[in-house]
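Trainee: just a sequence and a predicted model for now, questions to come.
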Amino acid sequence: MAGGCTHLDQVHDVRPRTPQGCEECLKTDGWWVHLRLCLSCGHVGCCDDSPGRHATKHFHHSRHAIIKSLEPGEDWAWCYVDELMMEPAPVAP
């Protein structure tokens, strides 16, 4: 699953801060394609196919390395630092 990821210590038991959508897009009346959940703090951001690319911007600002898909039926995560896909997504210890 997560053999090469060196940031699993950043995974916490989080709840989406804005389960209704991308935190920044909701504030600016923006739109998104897919949603991603930061596994460190619960920030919900939009994917890189969305105009705002807020999940990646959150990583660059916070350095929280791991996001997971919030799309129904998907169970994967991505580590920005290690550039590693993990399926299934890691869970908090």
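Mentor: Received, thanks.
Trainee: where does K57 sit: helix, strand or coil?
Mentor: Look at K57: counting by DSSP: H, G, I helix; E, B strand; the rest coil, its state is helix.
Trainee: which residue ranges form the strands in this structure?
Mentor: 35-38, 44-46, 66-69, 77-79, 84-86 (DSSP state E).
Trainee: how distant is the second one from the center of its chain?
Mentor: Centre-to-centre, strand 44-46 and its host chain are 7 Å apart (CA atoms, centre = their mean, to the nearest Å).
Trainee: and the contacts of that strand?
Mentor: For strand 44-46, the surrounding residues in contact (CB atoms under 8 Å, 6 or more residues apart in numbering) are 16-19, 21-25, 30, 32-38, 52-58, 67, 70. Backbone N, C-alpha and C define where each C-beta goes, glycine included.
Trainee: ok, of the residues you listed, which come out buried?
Mentor: Neighbour-count burial (16 or more other CB atoms under 10 Å) is assigned, among those, to 18, 21-25, 32, 35-38, 52-56, 58, 67, 70.
Trainee: per-residue confidence at the residue lying farthest from the centre of the chain?
Mentor: Farthest-out residue of the chain from its mean C-alpha position, per CA atoms, centre = their mean: D29, at 20.2 Å. Looking at D29, its pLDDT reads 97.
Trainee: setting the sequence-adjacent residues aside, check what's closest to the most centrally placed residue in the chain.
Mentor: Nearest residue to the geometric centre of the chain (CA atoms, centre = their mean): I67, 2.7 Å. Among residues not flanking I67 along the chain, R36 sits closest, at 4.3 Å (CB to CB, 6 or more residues apart in numbering).
Trainee: residue contacts, that neighbour?
Mentor: V44, G45, C46, C47, A55, I67, K68, S69, L70, W78.
Trainee: quick one: Y80 and W31, what's the gap?
Mentor: Per CB to CB, to the nearest Å, Y80 is found 23 Å from W31.
Trainee: of these two, who's got more company?
Mentor: Y80 (17 against 12; other CB atoms under 10 Å).
Trainee: which parts of this protein are helices?
Mentor: Here the chain has its helices, by DSSP state H, at 23-28, 54-62.
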